[in-house]
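Enquirer: Sequence plus predicted model, see below.
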Amino acid sequence: MELKQVRQGQEEKEQDHPLHNPLLSPYKMGNFLLSHRVVLAPLTRQRSFNNVPQPHAILYYSQRTNKGGLLISEATGVSDTAQGYPFTPGIWTKEQVEAWKPIVDAVHAKGGIFFCQIWHVGRVSNQGFQPNGQAPISSTDKSLAPQIRANGVDVAQFSPPRKLRTDEIPQIVNDFRLAARNAMEAGFDGIEIHGAHGYLVDQFLKDQINDRTDKYGGSLENRCRFALDIVEAIVNEIGADKVGIRLSPFANYMESGDSNPKALGLYMAESLNKYGILYCHMVEPRMKTVGEKFECPDKLLPMRKAFKGTFIAAGGYDREDGMRAVAENHADLVAYGRLFLANPDLPRRFELNAPLNKYNRETFYIPDPVVGYIDYPFLEETNA
Ligand SMILES: Cc1cc2nc3c(=O)[nH]c(=O)nc-3n(C[C@H](O)[C@H](O)[C@H](O)COP(=O)(O)O)c2cc1C
């Protein structure tokens, strides 16, 4: 009761001084009224057995929901060729769509806005994940070297991919379109195309990987064609006001570097304007990999200025950094990954400038439905 009064008092104070904490100021994203700028970044948790979202995800997502908050789901496969990790969810079957419904409902019941990140891993896979043990598909037939897994010990092995024929590409675009339609059927408020981190869309975007000689390779325009075909197909299917995309032009995760990331980011930002999509979500240049922060002189500002819709920035943000990004108009919203994973009530902790739980890397990707998943304490519990 007392805590509630304090909180109400603070909310009133914030309304009097909207610039007091810019991260907690409201924002209108298209048709969605967000009560603050702290977004749950997409986080793969590998707890979806048989590629079907599980009931334990209901509590996990609803813990991270607050009224008017934006959540982006973990990467969710668009088809049976899209998988490359154990226990990641999909959205291509009726069973998967049905399994998402109670999770989405729980987020909506608490007033959250929920976008589904739709994903194809491309060559970041091996035959063990593929239907009939076939080769993973990609923009290229160049293999990806084995990579150390997130735990820093295990090594992930990848099978040589098969380069998609030009005439097969519309089918993959169609898989994204159907996945977007399924996401809407499951009740999501919109979708985010996963165009980052060296997965299939990025395998077309980046010149370190894409070695095609057809209309999907070579020039910048050609390399961006696959991503934009997907954007167009989904916009036509569910409406531009429900579509976002995540890009990481500066990252080189999974050997996905580009010789001119700034030109790539700018070209995409400008091209996306033609489709009028809701948001562009970009990963900071300092995040070359998914997990480590590097010193980097590059900025997302040119892309932020070029893109006309909502701009979400992500990667290595803490409270102060995020406050500054919004105050200086470098981003409309800031997505938090590891801090939100470990602090289900992150927006409130930011509001109170309360201490944060530390995340435990060891439990990011274990299949346990409780440990490292729904057992991070809330502020009240910590104080109890
Ligand atoms: C456990 C974990 C899972 C992740 N899964 C995804 C994912 O499914 N899709 C994606 O686009 N990024 C994914 N990322 C990247 C995060 O969304 C985010 O960009 C990254 O963690 C950097 O932000 P942070 O410093 O706030 O954690 C993942 C990161 C972590 C730590």
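Expert: Thanks, I have the structure now. Residues are numbered from 1 along each chain as shown.
Enquirer: Surely residue 245 is in contact with residue 190?
Expert: No. Using CB atoms under 8 Å, residue 245 is not in contact with residue 190; the gap is 11.1 Å. All C-beta spots, glycine's among them, are computed from the backbone N, C-alpha and C.
Enquirer: if you skip the residues just before and after it, what's nearest to whatever residue of the stretch 251-384 of the chain ends up closest to the ligand?
Expert: Closest residue of the stretch 251-384 of the chain to the ligand, CB to the nearest ligand atom: residue 337 (2.8 Å). Distances taken as CB to CB, 6 or more residues apart in numbering put residue 41 closest to residue 337, at 3.9 Å, once the chain neighbours are dropped.
Enquirer: which residues sit in contact with the one you found?
Expert: Remark: with contacts taken as CB atoms under 8 Å, 6 or more residues apart in numbering, residue 41 is in contact with 72, 314, 335-337, 340.
Enquirer: Give me the buried subset of those.
Expert: With burial judged by 16 or more other CB atoms under 10 Å, the buried subset of these is 72, 314, 335-337, 340.
Enquirer: Report whether the expected contact of residue 280 with residue 243 is present.
Expert: No. Using CB under 8 Å, residue 280 is not in contact with residue 243, being 10.2 Å away.
Enquirer: how about the helices in the stretch 201-350 of the chain?
Expert: Using DSSP state H, counting those that start in this stretch, the helices of the stretch 201-350 of the chain run over 220-223, 225-238, 261-275, 301-306, 319-327, 338-342, 346-352.
Enquirer: Not counting its own residues, what contacts the helix ranked longest in the chain?
Expert: Counting by DSSP state H, the longest helix found in the chain is helix 169-186. By CB under 8 Å, 6+ apart, the surrounding residues in contact with helix 169-186 are 76-79, 82, 91-92, 96-98, 100-101, 104, 116, 118, 120, 137, 164, 190-191, 193, 200, 216, 226, 229-230, 233-234, 236-238, 242-243.
Enquirer: which sections of this protein are below the confidence cut-off?
Expert: Along the chain, segments meeting pLDDT under 70 span 1-19, 289-290, 381-384.
Enquirer: What parts of it come near the ligand?
Expert: Residues of the chain found near the ligand (CB under 6 Å from any ligand atom) are 41-44, 74-75, 117, 194, 196-197, 246, 283, 287, 290-291, 314-317, 336-339, 364.
Enquirer: Can you say which of these are buried?
Expert: Judged by 16+ other CB under 10 Å, buried ones among the residues of the chain next to the ligand: 41-44, 74-75, 117, 194, 196-197, 246, 283, 287, 290, 314-317, 336-339, 364.
Enquirer: Among the residues you listed, which lie within strands?
Expert: Using DSSP state E, the members of these that fall within strands are 117, 194, 246, 283, 314, 336.
Enquirer: quick one: residue 212 and residue 61, what's the gap?
Expert: Counting by CB to CB, to the nearest Å, the gap from residue 212 to residue 61 is 38 Å.
Enquirer: okay, these two: which has more neighbours?
Expert: residue 61 (23 against 18; other CB atoms under 10 Å).
Enquirer: residue contacts, the more buried one?
Expert: Neighbour list for residue 61: 71, 73, 103, 106-107, 112, 114 [criterion: CB under 8 Å, 6+ apart].
Enquirer: try 10 Å this time
Expert: Listed by CB atoms under 10 Å, 6 or more residues apart in numbering, the contact partners of residue 61 are 40, 53, 71, 73-74, 103-104, 106-107, 110, 112, 114, 344, 374.
Enquirer: Of all residues in the protein, which one is nearest the centre?
Expert: Note on the chain: the residue nearest the mean C-alpha position is residue 42, at 3.6 Å, using CA atoms, centre = their mean.
Enquirer: isn't it right next to residue 191, touching?
Expert: No. Applying CB atoms under 10 Å as the test, residue 42 and residue 191 come out as separate, 11.2 Å apart.
Enquirer: if I look at those two, which residues touch both of them?
Expert: Common contact partners of residue 42 and residue 191 (CB under 10 Å, 6+ apart): 72-73, 76, 115-117.
Enquirer: for those, which one is nearest residue 310?
Expert: Nearest to residue 310, judged by CB to CB, of the shared contacts of residue 42 and residue 191 is residue 115 at 11.5 Å.
Enquirer: Mind listing the residues bridging to the closest one?
Expert: residue 72, residue 190 (DSSP bridges).
Enquirer: and it, how many neighbours?
Expert: Per other CB under 10 Å, the neighbour tally for residue 115 reads 25.
Enquirer: That one contacts residue 277, correct?
Expert: No. In this structure residue 115 lies outside contact range of residue 277 using CB under 10 Å: 11.9 Å.
Enquirer: tell me the contacts of the residue of the stretch 251-384 of the chain closest to the ligand?
Expert: Residue 337 sits next to 39-43, 72, 283, 287, 290-291, 314-317, 359, 364 when contact means CB under 10 Å, 6+ apart.
Enquirer: The same query, at a cut-off of 8 Å, please.
Expert: Residues in contact with residue 337, defined by CB under 8 Å, 6+ apart, are 41-43, 314-315.
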